[in-house]
Each structure stands twice: as structure tokens, then as C-alpha cells.
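> Model the following, please.
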Amino acid sequence: MRKLFNSVWVLVFAGVLAACSDSGSGTEVRDNSEEVAAFYTANPEKFSFRTLADIPADLVWENGMEQPDIGSPDAKKGGTMFDYMPDFPRTLRTVGPDSGNAFRRFIYDNVTLGLAGEHPNTFEYYPELATEWAISPETRTVYARIHPDAKWSDGEAITVDDYFFTFYFNMSEHIVDPWYNNFYETRFTNITKYDDHTLSITMAAAKPDMASYALGLRPTPQHFYREFGDDFIDRYQWQFPPTTGPYVINDGDLVMGRSIAFTRNDGWWARDNKFLRYRFNPDRIQLSVIRDPNNQIEAFRRGDTDQIIVNTMEVWYDQLPDSSAEVANGYIHKSQFHNRRPRSSWGLWINSAQPVLEDVNVRLGIQHASNWDLVIERYFRGDYTRLNTSRDGFGEFSHPTITARQYDIDLAMEYFAWAGFERRGADGILVNAGGQRLAFTLTTPYERFRDLLPILREEALKAGLELRLEVLDFTTGIKKLDEKQHDIGFVSYGVGAEMYPRFWEYYHSSNAFDNAFLEDGSVNPARQTESNTNNLESIAIYEMDQMIEQFDASSDAEEMKALSHRLIQMHHDYASFVPGYAQDFFRVAHWRWVRYPADFNVARADGTNFDYFVYWIDEAMRQETLAARRSGQTFEPQIRVYNQYRELQ
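Below is the predicted model:
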């Protein structure tokens, strides 16, 4: 969720074409080929052209074919998966304003291919677009050979030129996305073409996981973006580009504000790849907008949707209890799966740029006025645990001793008094000498947590703090947070299964303000808020910036661990994040015809229906189950807990 409709829009958006080459759609037609080539020529240190004879002869090439399959050989291709999305996306772009929404995983994050993937059970590399690769830690360089059969969904060949264009595209100001600009400018120092299918990528630092960044890079179809320019945001707003993945959006499959469907590309070149052949099984995925959480569960119980990730105790225990007819009769299965990955940062994100919240004593008071233990006991029914920091779950890179501050009314009021809020008003809310009330708006884009927030509000009142609750629809809420218009946000960022945490995106001042500091390190009085970044807490600490830059440049694991601990401690002391809850499992309710492997999922499964796509649809079983429900026939209940990875935390 890096960045993030009107429900009355019901027009079919006919302009969206799978692998459409007429990307202008009524706008000026142009060809940027010369501009792109000139950019490569002007940046020879970044873009190099060599011959196969220049590849070092002593490289050790790998292909990852010894790794186990992903998914089940029992998987069946075919059928339609019916699911929902809580809101309609604001764009089909995967970069730029409004692109960092939850929908992006359907068209990019979870479905497109890099050179090689990290196996979700063994954490070793397996081939995707590449046939083989070689890693040279001494030169910080990764070499790879693209499969000669690799093709875009429109049939065009995937070549090294598409990887060159990935750098041009993501380094361009046209995408209006500083995060990607910074990532491609600073993370990589060079990309070299040896022939149409052989390339190398050199990293800025020989970090412990440098290969994962190089091998995880994805190409960008240069032929599709030939009109890429300063009108990128509007020109490509609703264009679905050629993809390396198995699904496309066909003409007529996007109904604005209502639904989006994905259809299997029958000509997908990678369908027989050892590590992809048992995944991406449905022929079609139909996503319909269902905004209200109660309507989402009711649609599922009717059989309008096929499965649902259960994120609330109310649904798991009350609305869909084990004793409910659908579960007890074996029509709906309930599965709890314990995964192995860093934990999402659920908690309160305090915007420290807002008046009053800029005072650390106020933030410390909010820490002690937040009763997350009661939330876990009452709302989550004791199933979850307390998160300690925003960077838990990264092994030795996480801080070994920091624990979350406890709910303590007296201590909260003491901190508030130091900030000048010493007297309670007639309504019990603390006020300062000027009569200003200690009151803030607590915003969340998650409708499902509507009943969680009142617990925090009532407990905060005891300490003289008023939290005005604001539950927005997902798109509106995310936009407010992105624009840094919030006081306090209850939100979480998804965390990748990475070796160490990211700090630049969340803590660096460049993601809070433009030109946050003057050359001497003092605060720039003219600085302006930077929108559409992950720094929702508006953290701008000069010393922290230096440490983050040192961390990002380091190739020494021990130095990185020490810096990580210091950064986490500094963030803890700044007190702009109130750790909420953590869960080491996710829960899925699915109709009997949605089938999973015997071990259910992979270790790194992230708790969504669409991460590794290991499930399949048994259409014959769908008809059998629906007929049984009508006739009263029953099946053995299936309520299972899969904890094979739990002891490996």
C-alpha cells in the first residue's frame, strides 16, 4: 500500500484492451525511441553494451531446477474464481499517483515474473524469465540469460531491451513517483546488454540479499510505452499493458466502478514451467466491488463469492461459527494457516507534522493512553499478540529488547501535563492554558475495524484524550493518509518476505518533506509536505537520515544489524508509532469446490487469496455441492489448522 469511485459509474470502459498497442486512445501519437536511446547514450555509467566475450569465464551458473515444485500436482486448470474487492481501483497504472492500492497485486506484484523467484518454502532461487544466472559478490553483479521463448502476452519477445527500458521508465520524472526514481537511481549502478537475451545488473552495494533485488527485477514492454512522456499519468490511466503473467484484462472485462475480470492467456509461454505449472489455475477470475464488510460475508455465504480471508473474530466465531449449517454440513471449509514471514505493522501512525502532535510528550502520552492489550483480549479474543515495534519479524535485524509501551493512565496524563495539558474540562478532556482540547481524529480505511476503534476511544478518554473516530472507504481513507491530511491513522503496510527491514521509505525525511533540511542540517523553514509516500508519521530527523543512508550503502551484515537496532530504537524514542497487534496466521473460509494442496499453502503465504495462487476450482464439485445443499445431503465438516511452519518462527 504505497499510495493508494463513484459507485454510480456503471459504464463499460471499452478503452481497456489487453496488450493494447494503441495506447494513445485519441491523444497525440508519438514515438520516444530516439529519446530513450539518447538517454542510454547520455548515461554510459548506468547503461552499457558489451559482447558475450566480455562475460567473465569463471562464473558459476545456476538454474534452480533442484528446488521442489510449488503447488500440488492434483491441481486442475479451469473454472472461474468469483471474489470481491472492497473498492474500485483509481487506476490500472502500477506506478505514479494512486497506484499503490491493494488491487495492484492482481496485475503486477503477485502475477508478473522476474528473472528468478525466491522459493516460498526453501528461500532459494528458481527460474522464471531466466534460464540461468550467476552471482559475483566481488563485483556486486548478477548475470542472467532470458529464456529464448519468453514472450509478452501480446506475443512480442521479451528481451534485454525491455529490462533497459525498466530503468528508463522508473528513473523518469514522468511517472511522478519519487520512490521508484530513488530506488532505480540508487539501488543499481549499471545494467549491461551482451546480446538480446543476456544481461548483467550491478548493485550499488554487495548487500547480503543483493541477488534478490537483481533477479527480482521485472521487464517493462518498451513497444507498448513508445508514447511514454510527460502525460503518462493520464495517457496510461486505464491501459492494461502486455504482461509476463498468466492473466490479461480483455476488452469489456472492466466495468467502471463495478467489476474487473481476468482471463487466462492461453498462449502463456511459461505455463509448463516447473515452478508455475501448478499455480494460477482458474481460467477466469471475476472481482466485483463489495464495500460493506457485512455484505462481503453475506455474498460469500450465498455462494456469490468462492472464498474469503477472515480478518475479524466476529466473522470467524459469530457470523460463520463451526456450528453454522454451511460449515457443519461440510459445504464451507475453514482453514487456519500459520505462515513464516515478517509481520505487518498494524498500529497507530501519528502524523508528527500536525500541530500539537509535533510535541513528543503528546505522542508519548498517546502511547500510554492506547490500550492494545484490551483490544487483543476483547476484540481479537486473545488470538493475537502485541506488536512491539514496526519492524518485528526480521530475525537478528529486529531489535532484541524493545517492548511496546503499556497502557498506563497516570503516565499518559503525566506526559500530557508536560505538554501543557494539565486540566480536565467539563467533558473530561484535558485542555491547555489556552483552552485547547486534547483531541485528534483517528482515521482508518478499514471498514471491518469499525467495532475495534471504540475500545481505543473509551480507554483514551480515561486519560483525558479524545479520539474522534473516522472510518472511511478504502480508497478515500488511503488517499487522505497519502496526502498526510490525517492526525492519527490506524493502518498497516504489507511487509515483503525480506531479509532485513526497509527504513528509507518510512523514516527518511525526503519522504516527509521536500528539502527538509538546510545544508548545515537545520530545519528548512520553507519545506513542504511530500505526498504519496510511506512516511505517514512525517518523520524528519537529520541524524536518522544519515544512519539510513549508511544502512542502505552498507554491505556488511553485522554493521547493518547494529544500524537497524539503532534506527528502531530512535523510532521508538520518537514515539510516532503505537504498536498494535501481530498475528502469525491467517484464516480462510472457502466453499468445498475451492481446493488447496494437502499442506494448504507455502511458508511465505501472505494471507491473501491471491499471493502464490496454489488453489484451484473444481467445477464438478461446485455443482455437486450446490445440489447437495438443495437436497439436504451433507459432507464431513472440514475445520483445519495448518501449523507446520509455526515452530520455525
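> okay, how far is it across stretch 90-107, tip to tip?
14 Å (Cα to Cα, to the nearest Å).
> do stretch 450-470 as well
9 Å.
> Buried residues of it, list them for me.
For stretch 450-470, the neighbour count (16 or more other Cβ atoms under 10 Å) marks Leu452, Leu453, Ile455, Leu456, Glu459, Ala460, Ala463, Gly464, Leu465, Glu466, Leu467, Glu470 as buried. The C-beta positions use only the backbone N, C-alpha and C, and glycine is treated the same way.
> out of those, which one sits closest to Asp266?
Closest approach between the buried residues of stretch 450-470 and Asp266, by Cβ to Cβ: Leu452, at 44.7 Å.
> Tell me the confidence at the closest one?
What the model reports as pLDDT for Leu452 is 95.
> can you list the weak-confidence ranges in the stretch 51-200 of the chain?
By pLDDT under 70, the stretch 51-200 of the chain has no low-scoring segment.
> which residues in it form strands?
61-62, 80-85, 116-118, 125-127, 130-136, 141-146, 188-195, 198-203 (DSSP state E, counting those that start in this stretch).
> Reformat the ones you listed into a markdown table and put mean neighbour count and distance to Arg93 next to each item.
Below are the strands of the stretch 51-200 of the chain laid out as a markdown table (neighbours: other Cβ atoms under 10 Å; distance: least, Cβ to Cβ, whole Å):
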| stretch | mean neighbour count | distance to Arg93 |
| --- | --- | --- |
| strand 61-62 | 15 | 34 |
| strand 80-85 | 20 | 17 |
| strand 116-118 | 24 | 24 |
| strand 125-127 | 25 | 28 |
| strand 130-136 | 20 | 26 |
| strand 141-146 | 24 | 25 |
| strand 188-195 | 18 | 22 |
| strand 198-203 | 22 | 24 |
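> For Val315, which of the ones you listed is the nearest?
Smallest distance to Val315 across the strands of the stretch 51-200 of the chain (Cβ to Cβ): 13.7 Å, for strand 80-85.
> And the closest one, what does it pack against?
Judged by 3 or more Cβ pairs under 8 Å, 6 or more residues apart in numbering; DSSP states H and E, strand 80-85 is in contact with strand 284-289.
> Next, report how far the strand it packs on is displaced from the centre of its chain.
20 Å (Cα atoms, centre = their mean, to the nearest Å).
> for that strand, packing partners?
When contacts are defined as 3+ Cβ pairs under 8 Å, 6+ apart, strand 284-289 packs onto strand 80-85, strand 259-264.
> And the contacts of it?
Residues outside strand 284-289 that contact it (Cβ atoms under 8 Å, 6 or more residues apart in numbering) are 7, 79-88, 106, 247, 257-264, 305, 610.
> coming back round to it: turn the helices and strands packed on strand 284-289 into JSON lines, columns for distance to Val160.
Formatted as JSON lines, the helices and strands packed on strand 284-289 follow (distance: least, Cβ to Cβ, whole Å):
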{"stretch": "strand 80-85", "distance to Val160": "35"}
{"stretch": "strand 259-264", "distance to Val160": "28"}
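> now for the ones you listed, which one comes closest to Thr166?
Nearest of those (Cβ to Cβ): strand 259-264, 22.9 Å.
> Enumerate the helices of the stretch 301-450 of the chain by residue range, in sequence order.
In the stretch 301-450 of the chain, the segments counted as helices under DSSP state H, counting those that start in this stretch are 313, 325-328, 360-368, 372-374, 409-418.
> actually the stretch 1-150 of the chain, not the one I wrote
Per DSSP H, counting those that start in this stretch, the stretch 1-150 of the chain carries helices over the ranges 33-42, 104.
> and the longest one, what's its mean pLDDT?
With pLDDT averaged residue by residue, helix 33-42 scores 97.
> for it, which positions count as buried?
By neighbour count on 16+ other Cβ under 10 Å, the buried set for helix 33-42 is Val36, Phe39, Tyr40.
> Give me the residues contacting the helix or strand containing Glu549.
With secondary structure defined by DSSP states H and E, Glu549 is part of helix 542-553. The contact list for helix 542-553 (Cβ under 8 Å, 6+ apart) reads 186, 204-205, 503-504, 507-510, 517, 521, 560, 563-564, 566-567, 570-571.
> closest to Trp349 among the buried residues of helix 33-42?
For those, the closest approach to Trp349 (Cβ to Cβ) belongs to Phe39, at 37.3 Å.
> Now do the contacts for that closest one.
Phe47, Tyr168.
> do that again at 10 Å, thanks
Asn32, Lys46, Phe47, Phe164, Phe167, Tyr168, Met171, Ser172 (Cβ atoms under 10 Å, 6 or more residues apart in numbering).
> next one: Ser99
Here Ser99 is in contact with 2-4, 89-93, 108, 175-177, 180, 233, 237, 532 (criterion: Cβ under 10 Å, 6+ apart).
> How many residues are close by Asp74?
Neighbours of Asp74 under the rule other Cβ atoms under 10 Å: 12.
> if I look at the closest residue in space to Lys193 that isn't next to it in sequence, how far off is Thr41?
Ranked by Cβ to Cβ, 6 or more residues apart in numbering and with sequence neighbours excluded, the top spatial neighbour of Lys193 is Val160, at 4.5 Å. Noted for Val160: a distance of 16 Å to Thr41, by Cβ to Cβ, to the nearest Å.
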